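> fold the following and give me the result.
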Amino acid sequence: MQVIGISIDHVPCLQAWAESLGGINFPLLSDFWPHGAVAEQYGVLRSEGHSERAIFIIDANGFIRYIDIHDIDDQPSNDVLFAELERIVPQDVQREAQKPKSSQPAAELPTSGVVMYCNSWCPDCRRARTWFKSHEIEFTEVDVMESREASRQVREWANGNLVTPTFNINGKVIIDFKIKELEEALGIHTP
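Numbers count the residues shown, from 1 in each chain. Coordinates of the predicted model:
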């Protein structure tokens, strides 16, 4: 099984994106020139020149076995993807599952204070970090891509969607970066 990322961005942009994530462990391919040719062939190139966020599972014979298309700001469900992979190529998924995992137990999710459920690539997560720092608000950050329990919890709060950032401020849940709701929950009064 091979994961490949394809983007309509040029190579330096892909390199910067990978570095912003702290590195990735699969190849990234640029569909920059001719612009979006691969995305267009797969039917995910928008008329304005951007592509949708799409996942295609292609089997060893070159047949498309699964398609999942989301708006660029929506994060697809890893659980759904893993279930599809298990159905299509069970031996590869089982082989991956048998690889040694970290011996550390899953961390408990924080239950008090200001908690931001986020990921490293989300633009709103970056804005929220900056906003918290500018207001000198301490917060705990939980990456939904690294914690299956955090991903499950956010989906429960957001009607099945993985929305980042999502905040839990002493029990008050705020879905997405909504400054007015954050100010209200934190008791911040702005003129």
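
> tell me the buried residues in the host helix or strand of Ala39?
Applying DSSP states H and E as the criterion places Ala39 in helix 37-41. Taking 16 or more other Cβ atoms under 10 Å as the basis for neighbour counts, the residues of helix 37-41 that come out buried are Val38, Ala39. (Each C-beta comes from the backbone N, C-alpha and C, glycine too.)

> so how far is that helix off the chain centroid?
When distances are taken as Cα atoms, centre = their mean, to the nearest Å, helix 37-41 is centred 23 Å away from the chain's centroid.

> can you show me the CA trace of it as CSV?
Coordinates of the C-alpha atoms in helix 37-41 are reproduced here as CSV (Å, rounded to 0.1, in the frame of the first residue of the first chain):
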residue,chain,number,x,y,z
ALA,A,37,-4.2,18.3,-15.2
VAL,A,38,-4.5,15.3,-12.8
ALA,A,39,-7.1,17.0,-10.6
GLU,A,40,-9.1,17.7,-13.8
GLN,A,41,-8.8,14.1,-14.9
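
> so where do the helices sit in this protein?
Read by DSSP state H, the chain holds these helices, from start to end of the chain: 11-20, 37-41, 78-88, 90-98, 123-134, 148-157, 179-186.

> residue nearest the centroid of this protein?
With distances taken as Cα atoms, centre = their mean, the chain has Gln75 as the residue nearest its mean C-alpha position (4.7 Å).

> now for Lys172: which residues touch it?
For Lys172, the contacting residues are Ala185, by Cβ atoms under 8 Å, 6 or more residues apart in numbering.

> run through the bridge partners of it.
Under DSSP bridges, the beta-bridge partners of Lys172 are Ile169.

> that one and Asp143, how far apart?
The gap separating Lys172 from Asp143 is 21 Å, by Cβ to Cβ, to the nearest Å.
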